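Visitor: the sequence isn't on hand, but the structure is:
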């Protein structure tokens, strides 16, 4: 799933990731899976804090950028900083999308979509799997 030519700050073998992550976390974070819509623990969360990568603990999103998109997954309109995430063209499933990964460990987070109908300051919706995140409340 990760770019084999890129060197990440946190790099582990599949065996090491499997020992650290639950089966669901491994499937999403390391194999680019997705959780079922409206089932994630952070879909409707309003808690103030920072959302971190569940695999490597890198800070990725702030609660102030989270919004209700009603898409079934937690949605944000911007990452904490652009260098916290990386973008990969995703043409799987016969459509063109932009995958979002943690820039620190290469873990799959979700996808980002552009559209004026989101009503956000950036016209972006980062649709992120709850299982990819760990919320640190303030």
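Guide: Received, thanks. None of these values were measured; they are calculated from a predicted model.
Visitor: could you say which helix or strand holds the residue nearest the centre of the chain?
Guide: Nearest residue to the geometric centre of the chain (C-alpha atoms, centre = their mean): residue 109, 2.3 Å. Per DSSP states H and E: residue 109 is located in strand 108-114.
Visitor: now that strand: buried residues?
Guide: 108, 109, 110, 111, 112, 113 (16 or more other C-beta atoms under 10 Å). C-beta: built from backbone N, CA, C; applies to glycine.
Visitor: dump these to a markdown table, plus pLDDT and distance to residue 102.
Guide: As requested, the buried residues of strand 108-114 are exported to a markdown table (pLDDT from 0 to 100; distance: C-beta to C-beta, whole Å):
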| residue | pLDDT | distance to residue 102 |
| --- | --- | --- |
| 108 | 98 | 8 |
| 109 | 98 | 6 |
| 110 | 97 | 11 |
| 111 | 96 | 14 |
| 112 | 96 | 13 |
| 113 | 94 | 18 |
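Visitor: would you turn the residues you listed into a markdown table with distance to residue 59?
Guide: Putting the buried residues of strand 108-114 into a markdown table (distance: C-beta to C-beta, whole Å) gives the following:
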| residue | distance to residue 59 |
| --- | --- |
| 108 | 17 |
| 109 | 13 |
| 110 | 16 |
| 111 | 20 |
| 112 | 18 |
| 113 | 22 |
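Visitor: since that was my last question, I'll sign off now.
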